[in-house]
Structures are given as C-alpha cells and as structure tokens.
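Asks: got a predicted model here, sequence first, then my questions.
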Amino acid sequence: MNSNIRLYTTNTCPWCTKVKNYLKSNNINYEEVNVGLNRAAAIEMVNKSGQMGVPVLDIDGKIVVGFDKNRIDSILGL
C-alpha cells in the first residue's frame, strides 16, 4: 500500500483519534497535520474539502470528510 495520505486533525477531535487508530491498526502510514496549530494547513484543508470540520483525509488527492470507513477502505483497496 503506497498511498500518500494526509490526515487533517485537531487535538480535541474524537473522530480524528478513531481515524488514526483505524489507520494504525491496518499498518497504514499517514502524515498528520494539526489544523488547530497550523493556520496554513487549515486553509489548505478547507480549500481541498470545502469543510471546516475534521477529520479530513487526502488519500492520493481523493478527499474523505469524517471517519467514513467504507470510503477509506474503497480508496485504499482494503
């Protein structure tokens, strides 16, 4: 699995934790970007997703808003 995954999170988001745990449990590497600490990343996330809420995943340019396990699995071929 060589997908390029960028996960936009905040410190207080329980769904972000669920996504991180899910990716880790499947041995999937990702880059976490905390939009609560990085304004430029927050703007980037909104531009990509049209959403201000987290989590947002960018998987090889495909955007997933929230912990949508079925969509994540579909994109990653799980």
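Replies: Ah, there it is.

Asks: where does the protein dip in pLDDT?
Replies: In the predicted model of the chain, residues 1-2 satisfy pLDDT under 70.

Asks: so residue 12 belongs to a strand, correct?
Replies: No - under DSSP: H, G, I helix; E, B strand; the rest coil, residue 12 falls outside any strand and is assigned coil.

Asks: next, count neighbours for it.
Replies: 9 (other CB atoms under 10 Å). Any C-beta I mention is one placed from the backbone N, CA and C, and that applies to glycine too.

Asks: distance of the nearest residue to it once chain neighbours are set aside from residue 23?
Replies: Sequence neighbours aside, residue 36 is the residue nearest to residue 12 in space, at 7.7 Å (criterion: CB to CB, 6 or more residues apart in numbering). Per CB to CB, to the nearest Å, residue 36 is found 19 Å from residue 23.

Asks: more neighbours, the two?
Replies: The neighbour comparison of residue 36 against residue 23 (other CB under 10 Å) goes to residue 23, with 18 against 14.

Asks: what lies in contact with whichever strand or helix holds that one?
Replies: Here residue 23, judged by DSSP states H and E, is contained in helix 14-25. Here helix 14-25 makes contact (CB atoms under 8 Å, 6 or more residues apart in numbering) with 5, 7, 9-10, 29-30, 32, 54-55, 57, 66-67, 69, 72.

Asks: now do the contacts for residue 35.
Replies: Residue 35 touches 8-10, 41-42, 45, 54, counting by CB under 8 Å, 6+ apart.

Asks: do the same with residue 52
Replies: Each residue near residue 52 by CB under 8 Å, 6+ apart is listed here: residue 46.
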